[in-house]
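Asks: 3D, please:
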Amino acid sequence: MKAKATLKQIAKEFEVSISTVSKALSDSPEISEATKIKIQEYAKLQNYKPNSIAKNLKNQRTNTIGVIIPNILNPFFAKVFSGIEKEALSKGYNVITGISNESYKKEMQVMDMLNNGTIDGFIVAVAEETQSLKAHQHFKDIINSGTPIVMFDRVADTVSCDKVIVDDFESSIEATNHLLQLGSKNIALVSTIDNLSVGKLRVDGFKKAFENIGKQYDENLSIIESDLELFDSKLNELFNDKKVDAVFALDEHASTMAMKFAIKKGIKIPEELNIIGFADGVWSRRLTPSLSTVSQHAPEIGAKAAELLIHKLNTKDEFYQPQTVVIKTELRQRESTRKL
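Replies: Reported below is the predicted structural model:
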C-alpha cells in the first residue's frame with residue numbers, strides 16, 4: 001500500500017516551509033496561484049490526507065467526542081451509540097468509543113487516555129462497578145480539567161453535568177399498573193441489576209404501584225440477584241413452588257430467562273402468565289411469543305446526549321447550568337401479555 005505523504009515530505013520536495021505547504025493546501029491568498037496548484041496537485045498524487053485532529057489542536061479543539069459505554073454487547077447501548085454518532089456527524093464531529101466492561105478501573109483508564117487532547121468532551125454511561133463503589137471523583141476531576149461530560153441512562157447524582165435519562169420510576173409504575181389491570185394477582189419482580197441506579201428506581205416504581213392501590217406486594221415473589229447463575233436457580237425454583245401469574249423483568253437477562261423457564265415448564269404465555277420486560281432490543285420481537293416491553297427510545301437518548309455536549313462545547317456562557325433531560329418511554333404490548 002502506498003504510504004500517505006506528510007506536510008514535511010511535501011515541503012522538502014518543493015524546498016519550502018511546512019507553513020507554506022499548509023497555507024497552499026488551505027487555499028490561502030498569501031500563496032501564489034502557481035505554487036498552490038503545484039503543491040495541491042502533488043499532494044493529491046501522493047495520497048496526502050490532512051490530519052483533522054492535528055489541524056484543530058491549534059484551536060484547542062479536535063471536533064471529536066469520546067463515548068464510554070459499559071457493555072458493547074448490550075443492544076440498548078448499541079442503539080444509544082447509533083443516535084450519538086448520527087447527531088455528532090451531522091454537526092461535524094467524529095466519535096471515538098471506549099468500553100469500560102463494567103469496570104471502575106477500566107473506566108478511569110480509558111477516560112484518562114482520551115482526556116489528553118484527543119477529544120473535546122465525553123458522553124458516558126457509568127460502569128456497574130463504579131456505581132456500586134459510588135466512586136465518582138474521576139468524573140469530577142475531568143470536568144474540573146475543562147473537559148465537559150454528559151451522562152446518560154446510568155448517571156451519578158453527585159456529579160454536576162448534563163444528563164439524559166428515562167423516567168425509570170414512572171415507567172415501572174406504568175408497567176406494573178398494566179399487569180394489575182390485566183387481573184394479575186401474583187406478580188413476580190425479577191432483576192439482575194440491583195447494583196445500578198436504574199435498577200433501584202425500577203424496583204421503587206414497582207413498589208409504588210402497589211402502594212397507590214393500597215395493596216402489599218408479595219416479597220416472596222421478588223428475585224433481585226446480580227449473580228446470574230444464582231438468579232437462574234432462584235427463578236427456576238420460583239416457577240416450581242409459587243403460583244405466579246405475571247412477571248415484571250427489569251433487564252434483558254431477567255426477561256429472557258423468565259420466558260425460557262416458563263416455556264420449558266409448559267406454562268402458557270399469555271393465557272397463564274403475563275410477562276413485561278425492560279428495554280426493547282431486536283430479541284424482544286423475535287422471541288416466541290414476542291415480549292411486551294418498556295421501550296426506552298435509545299437512539300433518541302443518544303441524539304439528545306450528543307446535542308447537549310455539542311451545545312456545551314460551543315457555548316460561551318460562563319454560568320451555564322447543567323440540565324437533566326428526561327426521555328419518555330413507551331409500553332409496547334406484544335404477545336407475552338393479554339389484551340385489555
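Asks: can you tell me how far the residue nearest the centre of the chain is from residue 331?
Replies: Nearest to the geometric centre of the chain sits residue 77, at 4.1 Å (CA atoms, centre = their mean). Counting by CB to CB, to the nearest Å, the gap between residue 77 and residue 331 amounts to 21 Å. For glycine as for every other residue, the C-beta is placed from the backbone atoms N, C-alpha and C.
Asks: repeat that for residue 313.
Replies: Counting by CB to CB, the gap from residue 313 to residue 331 is 36 Å.
Asks: do the same with residue 251
Replies: Plainly put, residue 251 is 16 Å away from residue 331 if you go by CB to CB.
Asks: these two: which has the busier surroundings?
Replies: Each of residue 251 and residue 331 has its neighbours counted (other CB atoms under 10 Å); residue 251 has more, 21 against 15.
Asks: can you show me the helices along the stretch 201-340 of the chain?
Replies: Using DSSP state H, counting those that start in this stretch, the helices found in the stretch 201-340 of the chain span residues 228-241, 252-264, 282-286, 298-314.
Asks: pick the most deeply packed of the ones you listed.
Replies: Between the helices of the stretch 201-340 of the chain, helix 298-314 has the highest mean count of neighbours, a mean of 22, where neighbours are mean count of other CB atoms under 10 Å.
Asks: pLDDT (mean, whole number) over that one?
Replies: Averaging pLDDT along helix 298-314 yields 96.
Asks: next one: that helix to chain centre, how far?
Replies: The chain centroid and the centroid of helix 298-314 are separated by 12 Å under CA atoms, centre = their mean, to the nearest Å.
Asks: kindly report the domain assignment for the chain.
Replies: Domains of the chain are assigned by automatic domain parsing as 7-50, 64-165+298-327, 168-297.
Asks: and the first one, what's its mean pLDDT?
Replies: Domain 7-50 shows an average pLDDT of 85 in the prediction.
Asks: kindly report the same for stretch 191-207.
Replies: Averaged across stretch 191-207, the pLDDT comes to 94.
Asks: who's in contact with residue 207?
Replies: Residues in contact with residue 207 (CB atoms under 8 Å, 6 or more residues apart in numbering) are residue 217.
Asks: before we move on, the earlier item: so which of the domains of the chain is nearest residue 335?
Replies: Ranking the domains of the chain by their distance to residue 335 (criterion: CB to CB) puts domain 168-297 first, at 3.4 Å.
Asks: distance between the ends of that closest one?
Replies: Using CA to CA, to the nearest Å, the end-to-end distance of domain 168-297 comes out at 13 Å.
Asks: same thing with stretch 274-291?
Replies: Using CA to CA, the end-to-end distance of stretch 274-291 comes out at 10 Å.
Asks: enumerate the positions of it that are buried.
Replies: Within stretch 274-291, the residues scored as buried using 16 or more other CB atoms under 10 Å are 274-281, 283-284, 287, 290-291.
Asks: cool, and stretch 175-182?
Replies: Buried residues in stretch 175-182 (16+ other CB under 10 Å): 175-180, 182.
Asks: among those, name the ones in strands.
Replies: Judged by DSSP state E, the subset of the buried residues of stretch 175-182 located in strands is empty.
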